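>>> after the sequence you'll find the predicted model.
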Amino acid sequence: MNGIITAKVDNKGRLALPLDLRRLLHIKPGDIFFIKPEKNEILRLARAENPFDKLAKQATKDGKA
């Protein structure tokens, strides 16, 4: 997927991400994102990662080594 992706805001202010984008970025229901407004009406999104999930992944990785 490349180029510009469009999404529409509904009457409750929700923005739906297209399925292709969710698949590409492995976005699942319940995922949390930080949103930072920037200059020129740009929004920067960053996935918020649960620190306990990160620790569990590292512990699993270390256990297999």
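In hand now; what should we look at? Since the model is a prediction, treat every value here as computed from it, not as a measurement.
>>> any chance you could map the strands in this protein?
Per DSSP state E, the chain carries strands over the ranges 32-38, 42-48.
>>> pull up the pairing partners for the first one, direction included.
Same thing as strand 32-38. Strand 32-38 has the following sheet partners, assigned by DSSP bridges: strand 42-48 (antiparallel).
>>> could I have the CA atoms of the strand it pairs with written out in CSV?
This file holds the C-alpha atoms of strand 42-48, laid out as CSV (Å, rounded to 0.1, in the frame of the first residue of the first chain):
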residue,chain,number,x,y,z
ILE,A,42,-0.8,17.4,10.5
LEU,A,43,-1.6,14.7,13.1
ARG,A,44,1.2,12.4,14.2
LEU,A,45,0.1,8.9,15.4
ALA,A,46,2.3,6.7,17.6
ARG,A,47,1.2,3.3,18.9
ALA,A,48,1.2,3.2,22.7
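>>> any residues touching it, and which ones?
With CB atoms under 8 Å, 6 or more residues apart in numbering as the test, strand 42-48 has contacts from 27, 31-38. C-beta: built from backbone N, CA, C; applies to glycine.
>>> identify the residue nearest the geometric centre of the protein.
Nearest to the mean C-alpha position of the chain, by CA atoms, centre = their mean, lies Arg47 at 4.3 Å.
>>> what's the burial count for Arg22?
By other CB atoms under 10 Å, 14 other residues sit near Arg22.
>>> what distance do you get for it to Asp53?
According to CB to CB, to the nearest Å, Arg22 and Asp53 sit 19 Å apart.
>>> please apply the same query to Glu41.
32 Å.
>>> and for Ile4?
31 Å.
>>> swap in Ala16?
The gap separating Ala16 from Asp53 is 25 Å, by CB to CB.
>>> repeat for Lys28
On the measure of CB to CB, Lys28 and Asp53 end up 12 Å apart.
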